[in-house]
Structure formats: structure tokens, C-alpha cells
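> the following block contains a protein sequence and its predicted model.
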Amino acid sequence: MKKQAVGMVAAVAGLFAGGAFAQTSVTLYGVADVGVEYANHLGAGNNSVVRMQSGNLSGSRWGLRGAEDLGGGLRAVFALESGFSVDDGKSTQNNRLFGRQAWIGLSNAYGTLTLGRHTTAMYDFGVQFDPMGISTRYSIGAQDSAFQSRADNSIKYAGKFGPVSAKLMYSAGADGTSGVNGEVPGNYKVGREFGGSLAYESGPLAIAVVYDEVNGNTVATDQDKTRKAAVSGTYQFGPVKSYLGYRYARFMTPPTSQTTNLYWAGAQWDITPAWSLTGAAYYQDFRNSGADPWLFIVSADYSLSKRTDVYLNLAYTKNKDGSDLGTGGFGTTVAGKNQTGVLMGIRHKF
């Protein structure tokens, strides 16, 4: 009898434990992406190089994300994500353990509110509206790194209501490794960043607008501002998805300022379920300057399985009047020289 009672207690305890476990989920995930690149017009000697590069179509990373059902449609959610280099095994997080994402918050039918280190509204906008999906290399990020930005000390809201989605973010100190890290008593503008986006998706059409503003990261530069706004749209024509976008930026360092206009267009063609081909062009006009560079990209991707693919990327930058845009961003080629990049790689998602 005693053994039966103990068995019944254990069974009931197991039932409740199983029920509690079913309400909570934690997922380990990641990406390993590495390839071999050729690039020319590098360094003081204007030389070419063949090198191994990690994180090309996607940043190599590992992470944890999870959710707990709190009842009544309310959930607790979190994410922790860290970047690394496949070629040498090093962390790419600049003295951070989880430099890609680190946040926790609450979610219900009205949206998700989280606190921590987040991708910015500009980043999320770029993922959807850059033809290259803001690939770590060979993407819109070369023309403007804000499309690959994150913010420390931030609070973020994301909500979706039918075909309309909205995001808002405020940071009291966007870069914890720079300047005085914001959150300065009596000077809330130091390192401040805020922005948001509004998007509409229906059938083959998607269109969105985004805004972002960042203040200087020291007390001496807190009046410096960078303001950016962008609008973009995509349209699906059968197996072909087209992209068109524009970004305005104004860099204010009193008493001077500089304005730039960035334009892009592209298309992605799903030739077969396994094969896809992407082409993109980006042009940036610097106001009152002739140093206006182009970036052209062609990418072919072949899926070996649902989780593993191989790719070939070709990129070319066209510089003039001393501009120095390389395939990896400004300052990555000899000033005034055009640069060619060729990258072959493999990516696995887990």
C-alpha cells in the first residue's frame, strides 16, 4: 500500500512538472558562415589579397531565446545572442558576451515590450528592405553602417495589427563601449538614440518608413546629432521580388552639417526551390561634393538542404573624386580606386 501511495504521489508530481515544463521553452540556435574572398586595391601598397572571412551572408553567431506562458495571453520573453568568427574561433563582440542581442520583456496581443541591448529600427528595416538582407559583407551596410546598428541601454516596442506593424526604440546610451556610455546625471542627451518605423504589408506589396536620431557620446559632443530617415518598398512578381529605397541623412556637428542621399534598387529571383539569384545597386550622393560612390552586387545561392547553403558573391565599387568606398565599407579601399570583391562560402543554420 505504501509503495502504491508513493507511486501515485510521484505520478501526480510528474504530471504537474510536465505541465509546467510545457509552458516554458528555451531554444539554442545559431549560424556558422565562412568563405574565401578575393579583393583588390587594399592598403598603402594598393595590393590585392585572398583571405578567409567569417560571417558573410549572415553573421556567425550562437544564441538562446525563450518564452514562458504567464497566463491570460501574457508571456515573458528573452534573447541572448553572441557573435564569433569561424575562421579563428574568436569572439567578435568587443568586450561583450552577448553583443548581438541581450534583452528581456513581456509580450501579449498588443505587442512586445523589452529592455536591454537591441537591434535598432534601422536594422530591422534593412533586414526586410535591403535586397541583400543587410548581409555582413556586400550589402547596404557598406554604404551606411546604421542599417547594421544596435543600441545598449534601450527599451523597444514592436507590435503588429493586421497588415500594419510598428516599432519604437529609445536608448539612454547607445554604445556602452564608447564615450561615457550615456545615462549621465543632468545630461540625458549624451549617447541618446531614438527611432521608430511603420510598415504596411498586403499580398505582394510591402512598404515602410523609418526614422533614427543619435546624439554625440560625450558631454562635450552631446549637441552633435545624426538624423536619418528612409522609405522603401518591395513587390513580388511571381518568383521575382523587386526592391526600391531611399535614405536621407544629416550629420550635424555645430556649426557645420553634411547631408547625404542614398538610393538603392534590386531584385531577388527564386529560380528553383534551391537556386536564388540576387542583384543590387546602391548610390550615395554627398551634398556639395563630387565624391559620390556606387556599389554593385550579384549573389548566387544554392541550398544543399533546409539548413545548409553555398554561395558566390560578386561586388564592385565605383569611386570618384577621392571617395574610398570598398566592398566592406568606407575606408576599405585606396581613395579614388574602384574595388572588386569575389567571395565563395558556405553557411549552416542550426
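Great, that's in hand.
> use CA for all of it now, contacts and neighbours both
Will do.
> tell me which stretches of this structure form helices.
Here the chain has its helices, by DSSP state H, at 2-22, 121-129.
> separation between the residue nearest to Thr308 when sequence neighbours are not counted and Tyr311?
Once flanking residues are discounted, Thr308 sits nearest to His348: 4.4 Å by CA to CA, 6 or more residues apart in numbering. The gap separating His348 from Tyr311 is 12 Å, by CA to CA, to the nearest Å.
> for Ser165, same thing?
Counting by CA to CA, the gap from Ser165 to Tyr311 is 32 Å.
> between those two, which one's more packed in?
Neighbour count, other CA atoms under 10 Å: between Ser165 and Tyr311, Tyr311 has more, with 20 against 16.
> hey, what's the closest residue to Tyr110 other than its chain neighbours bridged with?
Of all residues not flanking Tyr110 in the chain, Gly159 sits nearest, at 6.2 Å (CA to CA, 6+ apart). Beta-bridge pairing for Gly159 (DSSP bridges): Ala166.
> how about the longest strand anywhere in the chain as PDB, C-alpha atoms only?
Looking across the chain with DSSP state E, the single longest strand is strand 24-42. Provided in PDB are the C-alpha atoms of strand 24-42 (Å, rounded to 0.1, in the frame of the first residue of the first chain):
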ATOM      1  CA  THR A  24       8.200  27.300 -21.000                       C
ATOM      2  CA  SER A  25      10.500  27.000 -24.000                       C
ATOM      3  CA  VAL A  26      14.200  27.700 -24.500                       C
ATOM      4  CA  THR A  27      15.900  27.300 -27.900                       C
ATOM      5  CA  LEU A  28      19.600  27.100 -28.700                       C
ATOM      6  CA  TYR A  29      20.200  28.400 -32.200                       C
ATOM      7  CA  GLY A  30      22.900  29.800 -34.400                       C
ATOM      8  CA  VAL A  31      24.600  30.300 -37.800                       C
ATOM      9  CA  ALA A  32      28.100  29.300 -38.900                       C
ATOM     10  CA  ASP A  33      29.100  31.200 -42.100                       C
ATOM     11  CA  VAL A  34      32.600  31.200 -43.600                       C
ATOM     12  CA  GLY A  35      34.100  31.800 -47.100                       C
ATOM     13  CA  VAL A  36      37.200  32.700 -49.100                       C
ATOM     14  CA  GLU A  37      37.400  36.200 -50.600                       C
ATOM     15  CA  TYR A  38      39.500  38.000 -53.200                       C
ATOM     16  CA  ALA A  39      39.700  41.800 -53.000                       C
ATOM     17  CA  ASN A  40      42.000  44.300 -54.800                       C
ATOM     18  CA  HIS A  41      43.200  47.900 -54.100                       C
ATOM     19  CA  LEU A  42      44.000  47.400 -50.400                       C
END
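> state the mean pLDDT of that strand.
Regarding strand 24-42, the rounded mean pLDDT is 97.
> buried set for it?
Judged by neighbour count using 16 or more other CA atoms under 10 Å, the buried positions of strand 24-42 are 30-37, 39-42.
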